[in-house]
Structure formats: structure tokens, C-alpha cells
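*Asks:* Sequence first, predicted model second:
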Amino acid sequence: MLIAPLPANEAARLRLLKHLELLDTPPEESFDRITRLLAGMLQVPIALVSLIDENRQWFKSRIGTDVCETPRDIAFCAHALHEADMLVIEDAHADTRFADNPLVVGPPFIRFYAGVPLRSHDGLVLGTLCAIDTQPRKLAPNAAAALRDLARTLEREIAQREAAMDTRLVQEQDRRTLALSEARFSTVFQRSPTGKALVDLQGRFIDVNPKLCEITGYAAEELLQKTFAEITHPDDLEQDLRLLAELMVDRRQSFSMEKRYLRRDGSWIWVQISVSLVRDEEGTPVHLIAVIQDIADRKRDEALQHDYQAELEHRVRERTAALAASREMLQTITDNLPVLIAHVNRELRYTFNNDMYRQVFGVDTSELTGKPLASVLRPELYQQLLPYFRRALAGERVTCDNVRYSLAQPRVWSGTYVPDVRDGEVVGFYVMSQDVTERKRAEKLMHDKAMLDPLTGLPNRRALHEKMEQSFSAASASGASGASGDSGAGLALFFMDLDGFKGVNDSHGHETGDALLRQVAQRIRQVVRQQDFVSRLAGDEFVVVAEHIPVAACERVAESIRAALARPFVLDDCTVCIGTSIGIALRPPERQTGTAQLLSEADAAMYEAKRRGRNGYCFAPTSPPAS
Ligand SMILES: Nc1nc2c(ncn2[C@@H]2O[C@H](COP(=O)(O)OP(=O)(O)OP(=O)(O)O)[C@@H](O)[C@H]2O)c(=O)[nH]1
């Protein structure tokens, strides 16, 4: 006996057979009808639909036998699987493959076999439709054709079964997927940290999650009795309904808004809701899905922020008003001070001016704000003050004592520039200018007084010292610049002491002595040059300072003085004669003698003149006369 080999696609074939769920199933009329027809048409005692399982053949339908399965090894059908068309054994006894087959030598004693493979839609052979006889016989062509036709009918039945199974499988998978997705959805829905609700098209809650219950304070059953509108703040409802309407007419896919829910305890809670509309396959709206987030904390923060902002703005307004008031006050105060007061920024533009500016510059103070100082001050003055401005901007408080704002008005101002330092940075400076004309005049008067001899009106000793210092510094300046005047011309100091003055005092009284001193002063003034400096040193001592005087002229000057004072003096009640002894000290440009030294030299020379007999002059040894 020959055992049929396994088909090449055995595994796939067995898989399909199992999938079709035909094995070990109750008889079915659709199969039995075919075997009945086959047995009738071919006049055979046995007709089978045999399915070849892994180790057996099982008869899905059988006519003429009670056996429902046999081992695969002995199955004729196992051989028929390999046939393209059909396997026909006219006499098993004559066929070496089957002659000793137990089904041939034993029940049902097969002699004739004709089997057509039953193929699936994909060409996998599942079994056969076969006709069996216990007598040898031939298969007439029409009988073979009938067998084929019936086999095709069976194949269609199997194909339908296959399709049904596939459909069922897909449905099963769909069902499982759906169940899974529903389970997932349910889990997400229930455990979500945000509130979630399904809402029907009438606005009723149809499902709510625990978080939404927590947000609203309602139990789920209570919420399911309500519509969303019932727990929405009246002020928010209009917008909610408008957005919902847009959703329904497909003008938007979803919407999101902030609104207030009425909680069970009567309080309002701010939430952020995101709503989307679920439609069925036809696009008909089914229900709404809402995601609700508790934003009470955020709203509280926003409210706090808003309050803080409002408070801040209020304070700024108050501060601005206070500043305006203080600026107004400052303006009023400064407008009534006889001082020029201004504030200047780093760009040297005015940011504040008091009314004094109107009086001095003739412009409205409001017009000055923002104007550069350079456009207000006359150019020379601006150039004079610029170094002071720069020093003030560098952080130094500076004063310029001699400011003349207007050439038309002979007023003198003292400008003080005070840096405006904020947070360690100089942002500008204040200008405070005082009219110091009167003070200057008084000072000059005081100065002049201190420099004058009240008796003769001549400069006094102090004035002489000042004069000599000035002359010396002027001489050294012009010497340094090489601008000295005529060569040999220097400074000459004539030191005079009257001869016999004491006697006038003694004989005619002190007042006569005073009158004499006044006349002496006049005579000296008359004989010297206009530019020569005549001073009274003390008592009956006079000093003349002559600058730029040639040495040769000194003797002439001394002689003129001597002669002038030798003439009689006519006084109120007497006429007196005196003389004068003159000491001369020279300071040519190349000499650097100081005031004290020169005076001492002249004094010594004067004494020498006295010693020589008075009423004459004598040159200091360091200042010999020109020969
Ligand atoms: N009237 C008057 N006399 C003064 C004034 N100041 C000083 N004297 C006097 O001037 C005199 C100066 O003294 P001397 O220079 O010694 O008098 P003198 O007679 O000129 O003497 P010789 O210089 O030696 O010739 C003193 O008697 C002082 O009292 C003054 O302002 N008015």
C-alpha cells in the first residue's frame, strides 16, 4: 500500500481547514444535498465529502457509511489531493497502490473510487468529493462531468463559508478593538485629571467624570439631571451658546472659552472648557464632548495681578499729581526768587527755568524748556561758561563769579553749577545765578578804601605793594614772551622823605602839617608822568613807581620832584619851606628783585641823600645813575 505524500502547502491548508470550522461539525443540508445527488447520479452506494485533517480524513457529509472518519494513511482521498482534476480508481484490486488497503480488503470493501479535490478560493485543497462502489466500474464522461460540477458547487459553498468566516473574524476583531477602545476611553474619561462630560444636543449631561463632579460639587447623578446651561453663569451663557451654534453649523471644529459654573454650594467657579462635536458617519451631530479645567487659581492670580496693576497705576497717578504739584510749588518758589534758577540735562538743554529767565533774557520760560543753552546765551558767554558746564557734568560743583548775561545791562552775576546726581550718575546740573553787581561794587569800594591814604587821596602802602607785585609779574610775563618794551627801560622806585616836616607840625600845628602833606602829594603828581604811580607810604614818606623808564630819565624825575617840593608852600595862615631827600632804586628787566628788597634799597638810598645834606637824591648802590 502506498501512503500519499503531504502536499507542499500542507501547513496553510490545515490552517484554512481549521479556520473554516468544518471539522467535527454536525451534518449540513447544503453538503448532504450534494452527496445525495452524487450517489443518485452515479448510482454508487457511497458518496462522501471528505476533509483531510492532519492525521485523518473526516467526512463532513456521507451517504452509505456509518464511519465518520478513517486514518489519513489509508485514505484514497489523501491521494486525490494531489490530482489536478480527479482521481479515478476503476478497480482497487488491480491497483498496487490500493490493493492491500484496509478499506479495500476490509469494510467498506472499496473497488471503485472517483474523487475530485475541493479547493479553496486560494487554491488550497481541503478534501474531496468522492463516489465509492464496492464493484469495479468505469466512470462515464458525463458521470465525471457531473462529479466535477457537484465538486464546483461544493467549492462555492466552501468559499461562501470562507467569506463568512472572514467577515466574522473581521467583525470579531472590530468588536474587540471597539471594546478595547471603549475601555480605554472609559478609563481616560473616568480617571482624567480634567473634568470631562458628554453632552447631548439638548445640552443635557449624559456622562460626567469624577473630576467634573469635584469641580462642580455635584454628584454624577445630580449632574445627569441637569443641562450645562443651568449651571453656567448668565453672563457667560450667551457666548457659550453662540459658539455652540457655530459648532453645529460646522463653522468651527471645536471651541474653547472661559466661563463660570454654578457649584452645588452656590459659589461660582471659573473653568476653561473645550468643546467638540461628535458626528456619525453621515455627518449628523451625535453629541458633544466637553473638557473642563478648573482655572480658579489662575483667575485668582489674574485678579491679584489686576489689583496690583490697578494699585500701581493709582500710585503712579498720585505720584504724578504730587510731582506736578511739587513742580508747580517749585516753580512758584523759584519764580519769586531774585536768582536765575534752571536745570540743564546732559545735552546742555534746559529742562526747567524760573521766571527770572524771562526778566533777564526777555523770553517766556515755557519756551526755554528743551532749548540748548548755546541758543540762549550769547556766543562769547557760552564759550566762557562751557568749561564750567563740563566740570559740573563731570560731578564738580563750580562757580563762575563774573558772568555778564547781557552787554546792554552792566549787571554782574555769579553762576553756580551744581551736578544733578541720580543713582550715582550725573544726569545734568542745576544753575543758580545771583546778581552780584551791588556786592561787587561794595567790595570794590572796600578794596579801594583799603588801598587809599585818606589824607592825600594817594594810594597807600598796601596799594604800593600790590602795584609793585602787579608790575613785577607783568614785567616777567612780557620778559618771558620776549615782549619787553624799550631796551634798558625798567622800573624805578623813588623813595621820598620830607626834610624838616616835624618842624612845621611843631610850629604851625598838626593840621597845617596835614595841609602841607596834601600839597606835597599834588606837587609830586604834577611833576611825574600820568602813568606813574604816586603813593604815600607813611608820615612824610612818599614813593613813586615809574615803569618803563629809561635809566637816564630817573635823575631828571628825581630832580623835578626835589625842585617842586623845594618851592615854598602857601598854607592857610603861613608859608613854609621844606625839602625832600630822594632815594632811587632801579629794577631793570633783567633784575628779579622783590618789593621788600627794592623798597629797602630805595629807603637806604634816601637815608644816604639825607646824610649827604638833604634836599637831594641818591641812587641805591645797585642802581647807579647813567653816566
Ligand atoms: N601833620 C602830620 N604829621 C605827621 C603825620 N604823620 C606823621 N607826622 C609827623 O611827621 C614827622 C615825621 O618825622 P621826621 O621825618 O623825623 O621829621 P623831619 O622833621 O622831616 O625829620 P627829617 O626827616 O630828619 O628831616 C613826625 O613828627 C610825625 O609826628 C600826619 O599824618 N600829619
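*Replies:* Sure thing, it's come through. As the structure is a prediction and not an experimental result, all values here were calculated from the model.

*Asks:* Can you name the residue of the chain nearest the ligand?
*Replies:* Across the chain, the shortest distance to the ligand (C-beta to the nearest ligand atom) belongs to Gly513, at 2.4 Å. All C-beta atoms are positioned from the backbone trio N, CA, C, and that covers glycine.

*Asks:* tell me the contacts of that residue?
*Replies:* Phe501, Val504, Asn505 (C-beta atoms under 8 Å, 6 or more residues apart in numbering).

*Asks:* could you pick out which of those are near the ligand?
*Replies:* Phe501, Asn505 (C-beta under 6 Å from any ligand atom).

*Asks:* Which one of the contacts of Gly513 sits in the busiest neighbourhood?
*Replies:* Among those, the one with the most neighbours (other C-beta atoms under 10 Å) is Val504, at 23 neighbours.

*Asks:* Can you give me the pLDDT of the residue nearest to the spatial centre of the chain?
*Replies:* Centroid-nearest residue in the chain: Gln309, 19.4 Å away (criterion: C-alpha atoms, centre = their mean). The model reports Gln309 with a pLDDT of 87.

*Asks:* And Tyr417, its phi and psi?
*Replies:* When read as degrees, to the nearest 10, the backbone of Tyr417 gives phi -120, psi 110.

*Asks:* pretty sure it is touching Phe389, no?
*Replies:* Yes: Tyr417 is in contact with Phe389 according to C-beta atoms under 8 Å; the separation is 6.5 Å.

*Asks:* what is in contact with these two at once?
*Replies:* Common contact partners of Tyr417 and Phe389 (C-beta under 8 Å, 6+ apart): Phe429.

*Asks:* Can you name the next helix or strand after the lowest-mean-pLDDT helix or strand in the chain?
*Replies:* Lowest by mean pLDDT, DSSP states H and E among the helices and strands of the chain is helix 461-480, with a mean of 85. Following helix 461-480 in sequence order, the next helix or strand is strand 490-499 (DSSP states H and E).

*Asks:* Would you mind putting the CA coordinates of that following strand into PDB?
*Replies:* Only the C-alpha atoms of strand 490-499 are listed here, as PDB (Å, rounded to 0.1, in the frame of the first residue of the first chain):
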ATOM      1  CA  GLY A 490      62.900 149.100  33.600                       C
ATOM      2  CA  LEU A 491      61.200 150.100  36.800                       C
ATOM      3  CA  ALA A 492      62.300 152.900  39.000                       C
ATOM      4  CA  LEU A 493      61.300 153.400  42.600                       C
ATOM      5  CA  PHE A 494      61.700 156.900  44.100                       C
ATOM      6  CA  PHE A 495      61.600 156.900  47.900                       C
ATOM      7  CA  MET A 496      61.000 160.400  49.400                       C
ATOM      8  CA  ASP A 497      61.100 161.600  52.900                       C
ATOM      9  CA  LEU A 498      60.400 165.300  53.600                       C
ATOM     10  CA  ASP A 499      63.100 167.400  55.300                       C
END
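
*Asks:* returning to that earlier point: can I take it that the residue nearest to the centre of the chain is in a helix?
*Replies:* Yes: assessed by DSSP: H, G, I helix; E, B strand; the rest coil, Gln309 belongs to a helix.

*Asks:* quick one: which of the contacts of Gly513 sit in helices?
*Replies:* Of the positions in the contacts of Gly513, Phe501, Val504, Asn505 sit in helices, assigned by DSSP state H.

*Asks:* how near is the last one to Ala322?
*Replies:* In other words, Asn505. Distance from Asn505 to Ala322, counting by C-beta to C-beta, to the nearest Å: 77 Å.

*Asks:* and if you look at Cys68?
*Replies:* From Cys68 to Ala322 the distance is 111 Å (C-beta to C-beta).

*Asks:* higher neighbour count, those two?
*Replies:* Cys68 (14 against 10).
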